[in-house]
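Enquirer: show me how the following folds:
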Amino acid sequence: MAKQRIMYECMACGYESPKWLGRCPNCGGWNQMKEQVQMPENKSKPQVTVTLNRSNNDKGHAKRLSEINYEEQNRVSTSFDEFDRVLGGGVVNGSLVLIGGDPGIGKSTLLLQVSMQLAMNGQKMLYVSGEESLSQIKMRAERLGVTSENFYLMAETDLAFIAKEIETIEPDMVVIDSIQTMSVPDNTGVAGSVSQVRQATATLMRIAKDNQIAIFIVGHVTKEGNIAGPRMLEHMVDTVLYFEGEKHNRFRMLRAVKNRFGSTHEMGVFEMQDIGLQEVSNPSQLFLEERLENATGSSVVASLEGTRTILTEIQSLMTPTVFGNAKRTASGIEIQRVSLLLAVMEKHCGLLVQNQDAFFKTTGGVRLEEPAIDLAIAISIASSYWNRPIRVDDCFVGEIGLTGEIRRVSQIQERIKEADKLGFKRIFIPHSNADRLDLDVKIKVIPIKTIQDAVRHVFPKQ
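Expert: Modelled structure (predicted):
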């Protein structure tokens, strides 16, 4: 009988050592070495092999580019426009998609709804859960109010049995919930360890590519918000999606941070309801529906998320500090961007913000990252500092340089059209964007060159 071996594995990078180390010599992480008991090989377990022979790949031989033939396949629509938008137009056969998010945010609910919809459209779906029982999934499916004969459920964590079931059912798409619960018989590490996650993902990738099966993987996240497990996990898959939002907010955002088959700048918006996740086709209207008139520190920006323009409210609050150092807090905006704009406003507009605590927030839980939001943030800072309200029908677009100039932004016509559609009367844009405008809109377009010009237009008596 083979003896058990005790090894210590780094939970961050997978480095193995026969003895415990305080600091991993490979990645430099502290207190990451965890004890792993390597069990003797169990030959009675089935091996992870799937031979559906759906594709005839000539492996092991190099070919000229001109000799390679392929058939262009149409994407499979999930009937969820927001989900298809983020994927780049639909599901690609043979793709491996990783979706991560905080616990309880709705990852399993989203994939269950997508799986049910695909099954109702004629696709054969296999939903594998390593965290819930079949009765729990059936209970949630009944609450969502959908069912189909093409939908198969399986509660299993051993990839050998899962691969054998895939070979038997021959599904078109598979959902694995979650990758941290899966284990490969050949690997002696415990489920969720770096080596198990890496090998399980490699096994699923081989199944997806060899048999043209689209596989969705749910991944847990760390307290920092990153996908748990080795960083190699995100490199191995074709698409990485993040499902994010605040638990106490009904809106959820789906973003792509990696996509080999489409853009990574798209965003899908969903609303959590009692019957599951519902698509939000016009998020701008929902983000602005509770905006108050004559409120100070509130401005609206026409932000671009991929091919979609979203109008979002940015709120600023400037209050005198009671401590020696002023406090800076931001939610939904990068804190470095806030600090830069505060310095610009103090230098070029005469705002003394060194003794002011500054708080910033985007409504609806949306996160804004593009440079075109600078002008809206700067105007909201001035509004809160001077306690002067901004007109409720004003909208702002523009990037601010360190010298106070307003720089050109992309796709200005789409931003103007969206603001006009929602009833805004004025929109402030960079002067360099006003030379090629050909629009039939009612909204008044005001081009500006510097932040001083913008402040004089918005607060004429200041």
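
Enquirer: quick one, helices of the stretch 51-200 of the chain?
Expert: Taking DSSP state H, counting those that start in this stretch as the criterion, the stretch 51-200 of the chain carries its helices at 81-87, 107-120, 134-144, 159-169, 194-211.

Enquirer: helix 159-169 and the longest one, what's the angle between them?
Expert: Following axes from the mean of the first three to the mean of the last three CA atoms, to 10 degrees, one obtains 20 degrees for the angle between helix 194-211 and helix 159-169.

Enquirer: from now on call the first residue 668
Expert: Got it, the first residue is 668 from now on, which makes the last one we talked about helix 861-878.

Enquirer: figure out which of the helices of the stretch 718-867 of the chain is closest to residue 1005.
Expert: Residue 1005 sits nearest to helix 748-754 of all these, at 27.5 Å, using CB to CB. C-betas here are computed from N, CA, C, even on glycine.

Enquirer: how many residues are close by the residue lying closest to residue 760 once chain neighbours are set aside?
Expert: Leaving aside its sequence neighbours, residue 760 sits nearest to residue 879 (CB to CB, 6 or more residues apart in numbering; 4.6 Å). By the criterion of other CB atoms under 10 Å, residue 879 has 15 neighbours.

Enquirer: what does the one 10 residues further on give?
Expert: By the measure other CB under 10 Å, the count of residues near residue 889 is 11.

Enquirer: how much space separates it from residue 770?
Expert: As defined by CB to CB, to the nearest Å, residue 889 lies at a distance of 11 Å from residue 770.

Enquirer: so residue 901 touches residue 888, yeah?
Expert: No: applying CB atoms under 8 Å, one finds residue 901 not in contact with residue 888, separated by 11.8 Å.

Enquirer: name the residues contacting each of those two.
Expert: Listed as contacting both residue 901 and residue 888 by CB atoms under 8 Å, 6 or more residues apart in numbering are residue 894.

Enquirer: as CSV, the helices of the stretch 718-867 of the chain with distance to residue 1069 would be great.
Expert: Listed next are the helices of the stretch 718-867 of the chain as CSV, based on distance: least, CB to CB, whole Å:
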stretch, distance to residue 1069
helix 748-754, 34
helix 774-787, 41
helix 801-811, 51
helix 826-836, 53
helix 861-878, 43
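
Enquirer: who wins for proximity to residue 1013 among these?
Expert: Smallest distance to residue 1013 across those (CB to CB): 39.1 Å, for helix 748-754.

Enquirer: to the chain's geometric centre, what's the distance from the closest one?
Expert: How far helix 748-754 lies from its chain's middle: 12 Å, per CA atoms, centre = their mean, to the nearest Å.

Enquirer: which of the residues in that helix are buried?
Expert: Applying a neighbour-count criterion of 16 or more other CB atoms under 10 Å, one finds 749-754 buried in helix 748-754.

Enquirer: show me what the lowest-mean-pLDDT helix or strand in the chain pairs with in its sheet, parallel or antiparallel.
Expert: Lowest by mean pLDDT, DSSP states H and E among the helices and strands of the chain is strand 700-705, with a mean of 76. In the sheet, strand 700-705 lines up against strand 672-677 (antiparallel) (DSSP bridges).

Enquirer: pull the CA atoms of the partner strand into PDB?
Expert: What follows is strand 672-677, C-alpha atoms only, in PDB (Å, rounded to 0.1, in the frame of the first residue of the first chain):
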ATOM      1  CA  ARG A 672       2.800  12.200   1.200                       C
ATOM      2  CA  ILE A 673       2.400  15.700   2.800                       C
ATOM      3  CA  MET A 674       3.300  18.600   0.600                       C
ATOM      4  CA  TYR A 675       2.800  22.400   1.100                       C
ATOM      5  CA  GLU A 676       1.200  24.200  -1.900                       C
ATOM      6  CA  CYS A 677       1.000  28.000  -2.400                       C
END
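
Enquirer: pLDDT averaged over the next helix or strand after it - what is it?
Expert: Counting by DSSP states H and E, the next helix or strand C-terminal to strand 672-677 is strand 683-684. Strand 683-684 shows a mean pLDDT of 84.

Enquirer: each with direction, which strands does strand 683-684 pair with?
Expert: strand 672-677 (antiparallel).

Enquirer: so what's the residue count around residue 963?
Expert: With other CB under 10 Å as criterion, residue 963 counts 19.
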